[in-house]
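> Quick one: sequence plus predicted model below, questions after.
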Amino acid sequence: MKVITTDYAFGLKSRTLYSTASIFFSGSIEGTDTLFLYGDTDQEHEVALNITGSATFPNQTHAQIQVSSNVLPSATVITVKSGFKGFVPLYESDTQLILFADRDTVSTFWAPTIASEHSSDPFVNYWSIGTNETVLVGGPYLVRSAVVSGTELALRGDLNATNGLQGTSLTLIAPSSVQSLTWNGERVSLDTNSKSKIRTGKISSTQVFIQVPDLEEIGWKFNNSLPEIQADFDDSDWVVANHTTTNIPFPMYYGDGRVLYGCDYGFCENVVIWRGHFNATGSENSLNLSINGGAAFAASVWLNDQFLNTSFGNSTNNANVIEETDEKFDLPSSALLIGQDNVITIVQDNMGINEAKPINDDAKSPRGVRGFQINTGNFTEWKVQGKLGGYTNYTDKVRGVLNEGGLFGERQGWHLPGFDTSSWISRNLSAGIPSSEAGIGFFVANFNLSMPQGYDIPMSFTFLEPLGQPYRVYMFVNGWMMGKRVANLGPQWKFPVHEGILNYHGENTIAIALWSMTPDITVAPQLRIAVDGIFKGGVNVTVNNPS
């Protein structure tokens, strides 16, 4: 979409007839009506306006700039031809300043407000409310503040230091009373042109070397996180799922009258685990389950300790996602305990509630088991467990209600900094679950970072293996859930983790809950830390990662 402005007033007395270029800034700088236009390089741009004042800048000689004063009566038309790159003053006089830059260049410009030195107005830094003074600064990655004290302009902000020693070229449009400039407290020399309000300078830079650990070499520890399928697992303290009514306006499809919706029992977020008990007679050979976990969900099912299958919330070619499945699971006779208690365990992912729509109460779509039936006999009891404490009594109030789910490792705090993993086995994340089984395991490791002070260095945790492996990962960094990878669907493979979550000057803990969904298929996550940029001048960040 392109917006063409007409009859646009800028500064104190000036007005355009029209402009096909976009407007980055309009205002008055030291009484000079200033208009800063920009546009895409592959397009031609045109502005028509009445120019005023005595020109202080030579007539345009740039091959891609055309100035015509005889096209429209009482108006000058300035055309920027397609292909132009960079920054250029289109017209400069003692009353007007018209500027243009291509889209990439204008993204490096900032218009920080200048607060009055003597004002006590609480809105003194708000443009048009507490102040109408500003400067234009081009070049830095970010300008955080600008303060004029006497004849000195003090700028604070960040520089893109990714290119090392090249430094940052700076363009400044400021009142003539500004005679000197500092950047983050360091003096910057300005080249001045007595005929122009535009001044230039260069902010020097220093080479910094950033080293991050190889996550293959940090000493991972592993532990099984699915004891719920073992015969000796005790679920006596789990919530009994015995409701026969629900406030959710979508009924169960089939079953015995019990409602198995997670939110009805206080478990609305992330992984929820269901355990259905029944006494086997030997005639049981199939189980029907209808499961709703939201678009692109998954649910893995076990009979006692034997894996049955995973129900995927997507089509067979991964092209479409669905929020609900209805499937038949074969019950192998070898897994049945005749005359004894048997358990169906369902590990169900929750992809969140649907967006609201004007019809069908779609946002109230249930998350849980919407139908359950063995070919013969009935379930004696259903139990359910989600995150520790549920959505009303969850324990980690710092990280919030959405941080954790109902995996055994999460309920035990394995993802938190300081958890003792000394008794766990050593196993790299890239080795996956032992014996290539379907199951869930926690991989935990510690690593140190030592980043230079005074730099903002964004980093990401990236998965490098090709898309398609049937697994899900819940990635915790210092206890915070910072990434969920659905490896058979994607496209999420890069997860930024910022300073404050990461301790840039000390020890960090990474915990990966790996859910392998299909047996005998290679599941080998290749996790790395990537440095996404180096910016000098970042703010100080406080770390709060409770154990």
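Received, thanks.

> just the helices in this structure please.
For the chain, the helices defined by DSSP state H cover 103-106, 390-393, 408-412.

> Just tell me which of those ends up closest to residue 85.
For the helices of the chain, the distance to residue 85 is smallest for helix 103-106, at 7.1 Å, taking C-beta to C-beta. Every C-beta, even on glycine, is put in place using the N, C-alpha and C of the backbone.

> Can you dump the C-alpha atoms of the closest one in PDB for me?
The C-alpha trace of helix 103-106 is given here as PDB (Å, rounded to 0.1, in the frame of the first residue of the first chain):
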ATOM      1  CA  ARG A 103      14.000   3.100   2.900                       C
ATOM      2  CA  ASP A 104      17.100   1.300   4.200                       C
ATOM      3  CA  THR A 105      18.900   4.500   4.900                       C
ATOM      4  CA  VAL A 106      16.000   6.300   6.700                       C
END
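
> List the buried residues for that helix?
By neighbour count on 16 or more other C-beta atoms under 10 Å, the buried set for helix 103-106 is 105, 106.

> For that helix, give the mean pLDDT please.
Model confidence over helix 103-106, given as mean pLDDT, is 96.

> Nearest residue to residue 486 in space, ignoring adjacent ones along the chain?
Nearest residue to residue 486 in three dimensions, chain neighbours excluded: residue 472, at 5.6 Å (C-beta to C-beta, 6 or more residues apart in numbering).

> Poorly predicted segments of this protein, please.
Residues of the chain meeting the criterion pLDDT under 70: 57-61, 117-119, 127-128, 130, 163-165, 194, 315-319.

> Domain parsing of it, as residue ranges.
Here the domain assignment for the chain is 1-101, 108-207, 228-393, 407-536, based on automatic domain parsing.

> Would you mark the buried spots in stretch 177-191?
Under the neighbour-count criterion of 16+ other C-beta under 10 Å, stretch 177-191 has 178, 181, 183, 184, 188, 190 buried.

> what's in contact with it?
Under the criterion C-beta atoms under 8 Å, 6 or more residues apart in numbering, residues 30, 135, 140, 148, 151-157, 170, 172, 199-203, 537 lie in contact with stretch 177-191.

> How far does stretch 453-472 stretch from one end to the other?
This stretch, stretch 453-472, spans 36 Å end to end (C-alpha to C-alpha, to the nearest Å).

> And it, how far out from the chain middle?
Centroid displacement of stretch 453-472 relative to its chain, using C-alpha atoms, centre = their mean, to the nearest Å, is 12 Å.

> ditto for stretch 219-226
Relative to its chain's centre, stretch 219-226 lies at 27 Å (C-alpha atoms, centre = their mean).

> Same check on stretch 479-496?
Mean C-alpha position of stretch 479-496 versus that of the full chain (C-alpha atoms, centre = their mean) differs by 10 Å.

> Now do the end-to-end distance for that stretch.
Using C-alpha to C-alpha, first and last residues of stretch 479-496 are 15 Å apart.

> Name the member of the buried residues of stretch 177-191 with the shortest distance to residue 286.
Checking those against residue 286 with C-beta to C-beta, the nearest one is residue 184 at 69.7 Å.

> ok, back up a step: farthest-apart pair in the buried residues of stretch 177-191, please.
Largest separation among these by C-beta to C-beta: 178 and 184, giving 17.1 Å.

> In ChimeraX, select just the buried ones from the contacts of stretch 177-191.
Typed into ChimeraX, the next command selects the buried ones out of those (criterion: 16+ other C-beta under 10 Å):
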select :135,140,148,153,155,156,157,170,172,199,200,201,203,537
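
> hmm, back to that, using TSV, lay out the domains of the chain together with distance to residue 220.
Formatted as TSV, the domains of the chain follow (distance: least, C-beta to C-beta, whole Å):
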stretch	distance to residue 220
domain 1-101	48
domain 108-207	30
domain 228-393	21
domain 407-536	5
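
> mind checking which of those domains is nearest residue 216?
domain 407-536 (6.3 Å).

> gap between the two ends of that closest one?
40 Å.

> for stretch 427-445, same thing?
10 Å.

> Can you give me the buried ones in that stretch?
Residues of stretch 427-445 classed as buried: 427-430, 432-433, 436-445 (neighbour count, 16+ other C-beta under 10 Å).

> Residue 389: which of those residues is nearest?
residue 442 (19.6 Å).

> Test my guess that that closest one contacts residue 409.
Yes: with contact defined as C-beta atoms under 8 Å, residue 442 counts as touching residue 409 (4.1 Å).

> Could you count how many residues lie near the residue nearest to residue 31 when sequence neighbours are not counted?
Residue nearest to residue 31 in three dimensions, not counting chain neighbours: residue 12, with 7.2 Å by C-beta to C-beta, 6+ apart. Residue neighbour count, defined by other C-beta atoms under 10 Å, stands at 11 for residue 12.

> which of the buried residues of stretch 427-445 sit farthest apart?
The two members of the buried residues of stretch 427-445 with the most space between them (C-beta to C-beta) are 438 and 445, at 23.5 Å.

> partners of the closest residue to residue 140 other than its chain neighbours in the sheet?
Using C-beta to C-beta, 6+ apart and skipping the chain neighbours, the partner closest in space to residue 140 is residue 157 (5.0 Å). Taking DSSP bridges as the rule, residue 157 bridges to residue 143.

> What distance do you get for residue 157 to residue 141?
Distance, residue 157 to residue 141, by C-beta to C-beta, to the nearest Å: 7 Å.

> How about residue 338?
Distance from residue 338 to residue 141, by C-beta to C-beta: 70 Å.

> one step back: cross the buried residues of stretch 177-191 against strands and list the overlap.
Members of the buried residues of stretch 177-191 lying in strands (criterion: DSSP state E): 181, 183, 188, 190.

> Now flag whichever of the residues you listed is closest to residue 234.
Among those, and counting by C-beta to C-beta, the member closest to residue 234 is residue 183, at 63.6 Å.

> what about the closest one, distance to residue 137?
For residue 183, the distance to residue 137 - C-beta to C-beta - is 10 Å.

> Need the overlap of contacts for the two.
155, 170.

> before we move on, back to that, count of neighbours near the residue nearest to residue 486?
Neighbours of residue 472 under the rule other C-beta under 10 Å: 21.

> What of residue 365?
Residues within reach of residue 365, counting by other C-beta under 10 Å, total 17.

> give the contact list for it.
250, 292, 294, 323, 353, 354.

> contacting residues for the fourth one?
When contacts are counted by C-beta under 8 Å, 6+ apart, residue 323 touches 292, 293, 294, 295, 297, 313, 351, 354, 365.

> among those residues, which ones are buried?
Of the contacts of residue 323, these count as buried by 16+ other C-beta under 10 Å: 292, 293, 294, 297, 313, 351, 354, 365.

> Next, find the distance separating the third one from residue 308.
To tie it back to what came earlier, the one meant is residue 294. Applying C-beta to C-beta, the value for residue 294 to residue 308 is 22 Å.

> Could you do residue 121 as well?
69 Å.

> The two: which is more packed in?
More crowded of residue 121 and residue 308, by other C-beta under 10 Å: residue 308, with 21 against 12.

> ok, now how distant is the more buried one from residue 327?
Here the criterion is C-beta to C-beta. By it, residue 308 lies 10 Å from residue 327.

> cool, and residue 204?
Remark: distance between residue 204 and residue 327 (C-beta to C-beta) = 65 Å.

> Neighbours of residue 326, how many?
Neighbours of residue 326 under the rule other C-beta under 10 Å: 14.

> beta partners of it?
Following DSSP bridges, residue 326 is listed with bridge partners residue 290.

> what about it, distance to residue 371?
Residue 326 is 7 Å from residue 371, by C-beta to C-beta.

> just residue 239 next, same as before
Counting by C-beta to C-beta, the gap between residue 239 and residue 371 amounts to 20 Å.
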